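Peer 1: What follows is a predicted structure for the sequence shown.
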Amino acid sequence: MGGVRPRWLDFVELTKPRIAVMVLFTVAAGGFIARPGSFELVELAHAILGAALVAAGASALNQWLERSTDALMHRTENRPLPSGRLGNVEVIAFGGTLAALGLGYMLAMMASPIAALVTAITLIGYVFVYTPLKSRTTLNTLIGAVPGALPPVIGWTAATGTLDVGALLLFLIVFLWQVPHFLAIAWIYREDYARAGLKMLPALDENGAVTGRQMLLYTLALVPISFVPVLLGEGSLMYGFGALGVGTYFLKTVWSFAGDRSDAQARRVVLASLIYLPVVLLLLLADRWMRALVATS
């Protein structure tokens, strides 16, 4: 016989740990890329801790808003709220407290308020704009990609105290990456989304032709955008060729999905996307660190 599930595990589940790891990775990457070799680790720690609290709170509030539709989908019906293991009031209190603590911590501990402002915009965009739009328009994925692309900007602004071209480039790379990534996931779970009445594009696109074109369009834009740091002198040819190589691999899988549109091929796109983003960010980080070391030697 299985034991009773500890309540603290339900609160952990509310924070969506796997998504949080990717968010915090991009926050850290944005900070280190902005100031290679000279970024103070204390300031980075403040940014990561504050963003972690806000991300956890946002995930909890997102699940409270989606409790009814989560109950209709097989992949989410066992979450703490639709399963009845947690109640509305405690989830709202948990999520709101974490978000408020995270923003307050960043304002109190960081030298510049810009990172906290970008974090607040991310929270509002994800919870109060993207989440409600999932039941209203197929543009929700595109709109949701805006707050989804802001974490590296949080790291960048924490390191520099400014918003500049470098922050914009990181935003564009993550923004364009998200569209094929999340549309591939939505294609895999299209029946679940349709059952819940959510207007994800794949749930309404019967043969997947429009979904495939959208994924291909944004990936085709992503590959040259990832090369722009080289043109602006923010990255070397070593980074550029590396980014083009992994971008070509990602594009190939998306191209195959546009022609095949099977669940198996969608899963290959998801895998390729999860390889692409960390590799590109790590390539840019390594490149900028090596250039900084050469400049100071």
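Peer 2: Structure received.
Peer 1: per-domain residue ranges of this protein.
Peer 2: Per automatic domain parsing, the domain ranges recorded for the chain read 1-163, 164-297.
Peer 1: Adding mean neighbour count, write those out as CSV.
Peer 2: C-beta here means a position set from N, CA and C on the backbone, and glycine is covered the same way. Listed next are the domains of the chain as CSV, based on neighbours: other Cβ atoms under 10 Å:
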stretch, mean neighbour count
domain 1-163, 19
domain 164-297, 19
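Peer 1: will you turn those domains into JSON lines that also has mean pLDDT?
Peer 2: Compiled in JSON lines, those are given as follows (pLDDT from 0 to 100):
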{"stretch": "domain 1-163", "mean pLDDT": "92"}
{"stretch": "domain 164-297", "mean pLDDT": "94"}
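Peer 1: which ones are touching the residue lying closest to R288 once chain neighbours are set aside?
Peer 2: Nearest residue to R288 in three dimensions, chain neighbours excluded: P36, at 4.0 Å (Cβ to Cβ, 6 or more residues apart in numbering). P36 makes contact with L285, R288, W289, R291, A292 under the criterion Cβ atoms under 8 Å, 6 or more residues apart in numbering.
Peer 1: Relative to E66, how far out is A196?
Peer 2: 9 Å (Cβ to Cβ, to the nearest Å).
Peer 1: err, F128, not the other one
Peer 2: Distance from F128 to E66, counting by Cβ to Cβ: 13 Å.
Peer 1: From A145, how far out is the residue nearest to G242 when sequence neighbours are not counted?
Peer 2: For G242, ignoring the flanking residues on the chain, the nearest one in space by Cβ to Cβ, 6+ apart is L283 at 4.4 Å. L283 sits 22 Å away from A145, going by Cβ to Cβ.
Peer 1: Same check on L14?
Peer 2: In terms of Cβ to Cβ, L14 sits 23 Å off from A145.
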